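S.K.: Take this sequence and fold it.
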Amino acid sequence: MERIVERILDQTYREGELLPSVRQLANDFLVNPLTAARAYRELEDYTETRRGIGLIVKEGVRELLLKREQRRFLREEWPKLRERIKALELDSAELLGDR
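M.R.: Numbering: from 1, shown residues only. Here you go, the predicted structure:
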């Protein structure tokens, strides 16, 4: 599922566009088709099923996923990164490349 989310965020899979079939997704990610189908089921809140056509990424989903990933980053990754920056005595100008 996370790899699909990454592709929505980087706009490989765009809002309003058709997602690959389960079979194609399984082939792309080298996973079992049942695993690909499960990933799509987990994304039901972010996709729309069009009978006879397939799954489409809902409009506005990228923004929702982006905010979700930002919260996750700040909660899970940033604290460790902040401590490492502190331990290395780096300043913000160095980190942002302002020097």
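S.K.: SS state for Ile56?
M.R.: Of the three states, Ile56 takes strand according to DSSP: H, G, I helix; E, B strand; the rest coil.
S.K.: tell me the SS of the closest residue to it other than its chain neighbours?
M.R.: Distance criterion C-beta to C-beta, 6 or more residues apart in numbering; nearest residue to Ile56, sequence neighbours excluded, is Glu48 at 4.9 Å. (Each C-beta comes from the backbone N, C-alpha and C, glycine too.) Counting by three-state DSSP, the backbone at Glu48 sits in strand.
S.K.: Look through the protein and tell me its longest helix.
M.R.: Across the chain, the longest stretch assigned as helix under DSSP state H is helix 61-72.
S.K.: for that one, packing partners?
M.R.: Counting contacts by 3 or more C-beta pairs under 8 Å, 6 or more residues apart in numbering; DSSP states H and E, helix 61-72 packs against helix 2-9.
S.K.: Please work out the angle formed by the directions of the helix it packs on and helix 61-72.
M.R.: Interaxial angle of helix 2-9 relative to helix 61-72 (axes from the mean of the first three to the mean of the last three C-alpha atoms, to 10 degrees): 120 degrees.
S.K.: how far away is Arg7 from Arg71?
M.R.: For Arg7, the distance to Arg71 (C-beta to C-beta, to the nearest Å) stands at 20 Å.
S.K.: between the two, which one's more packed in?
M.R.: Arg7 (18 against 10; other C-beta atoms under 10 Å).
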